[in-house]
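In: Structure, please.
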Amino acid sequence: MTLRLVHYGNALPDSYIVDPSAEFISGMVAQLAVIGNQVMATVSNGVSPIGVIDDIRTKAFTNNSWNEVIIAKAVPVIGPNGGYVTPMDIQVPLHHPQVIKHSFATNVNCILNANNGLVIFKAGTPLNFDLKGSGQPDAIRAIVSYTYYVANIPGEDSTAGSGRVTIWYDRMRFQTDQFETNQQYPLGASLYVSERGLWTSRRPSLIHPSIGMVTGPPIPQNPMLEIILL
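Out: Predicted structure coming up:
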């Protein structure tokens, strides 16, 4: 729910009449659309982005957990392929519940209970971590990233008084948490806009232009993506 400017040029942001049906958080990307014979700013689908939104209109705020480490203890047994596996399902809670399911990414196969924030490793999952230091794997270690709804904080509408939304469009460098957590963001990677107006390293289609570049990948201590707007 953050847009943090690092460096920008001489151009100030502009404001546009806002699409009354749009929901957005600062850091997402906008585009223009004709709605009821009026040109308005709305959330971009990635095809014709014009700039970065610096307003909020949402019913619930979100935040990111990036490269969160979870460890599930297990009783090791020999699996069909000769390696150690868990003989039963294991549940491990994430740091945060209310996960947005499509945002979840992991390096170990598992099942996500998005509402409760529980990860389930099914029986037969290979063990990959030596928790006791005995030289024999006795746990499952997974690295996960996801977006979650922030509990007990109501939404906000900073456009309510004016009916307009502020948009940055000039070349600038900024940080935001409004990006797809199920993608990777190496330094220098090209950035596109997802179908939901979020930053992503995934190119949705050949007609989606690249409008940014990664200048600072997210890290667990600071899950913000630093971008230079091209």
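
In: So Asp55, which state does it fall into?
Out: At Asp55 the chain is in coil, as set by DSSP: H, G, I helix; E, B strand; the rest coil.

In: and it, how far is that from Thr159?
Out: Distance, Asp55 to Thr159, by Cβ to Cβ, to the nearest Å: 5 Å. Placement of C-beta: from N, CA and C, glycine included.

In: elements contacting the top strand by length along the chain?
Out: What stands out as the longest strand in the chain, according to DSSP state E, is strand 139-157. On a contact count with 3 or more Cβ pairs under 8 Å, 6 or more residues apart in numbering; DSSP states H and E, strand 139-157 meets strand 57-73, strand 105-106, strand 118-121.

In: and that strand with strand 57-73, angle?
Out: 170 degrees (axes from the mean of the first three to the mean of the last three Cα atoms, to 10 degrees).

In: Quick one: mean pLDDT for the next helix or strand after strand 139-157?
Out: Later in the chain than strand 139-157, the nearest helix or strand by DSSP states H and E is strand 164-168. The average pLDDT within strand 164-168 is 97.

In: ok, residues contacting strand 164-168?
Out: 5, 8, 13-18, 24, 30, 41, 50-55, 57, 159, 174, 229 (Cβ atoms under 8 Å, 6 or more residues apart in numbering).

In: Narrow those to those that are buried.
Out: 13, 15-18, 24, 30, 41, 50-55, 57, 159, 174, 229 (16 or more other Cβ atoms under 10 Å).

In: how much space between Val165 and Asn10?
Out: Counting by Cβ to Cβ, the gap from Val165 to Asn10 is 22 Å.

In: Compare those two (neighbour count), which wins?
Out: Val165 (27 against 5; other Cβ atoms under 10 Å).

In: Nearest spatial neighbour of that one, chain-adjacent residues omitted?
Out: Distances taken as Cβ to Cβ, 6 or more residues apart in numbering put Val18 closest to Val165, at 4.2 Å, once the chain neighbours are dropped.

In: Equivalent analysis for Asn107, please.
Out: Setting aside the residues directly before and after it, Asn107 is nearest to Ile143 in space (Cβ to Cβ, 6+ apart), at 5.1 Å.

In: Identify the residues contacting that neighbour.
Out: 67-70, 106-107.

In: before we move on, which element is Ile17 in?
Out: Secondary structure (DSSP H and E) places Ile17 in strand 14-17.

In: Give the other helices and strands that that strand contacts.
Out: In terms of contacts (3+ Cβ pairs under 8 Å, 6+ apart), strand 14-17 is packed against strand 38-43, strand 164-168.

In: Run the chain-centre distance for that strand.
Out: 26 Å (Cα atoms, centre = their mean, to the nearest Å).

In: C-alpha coordinates for that strand, CSV please?
Out: Provided in CSV are the C-alpha atoms of strand 14-17 (Å, rounded to 0.1, in the frame of the first residue of the first chain):
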residue,chain,number,x,y,z
ASP,A,14,-1.0,15.3,-13.2
SER,A,15,-4.6,14.7,-12.1
TYR,A,16,-7.5,13.1,-14.0
ILE,A,17,-11.2,12.5,-13.4
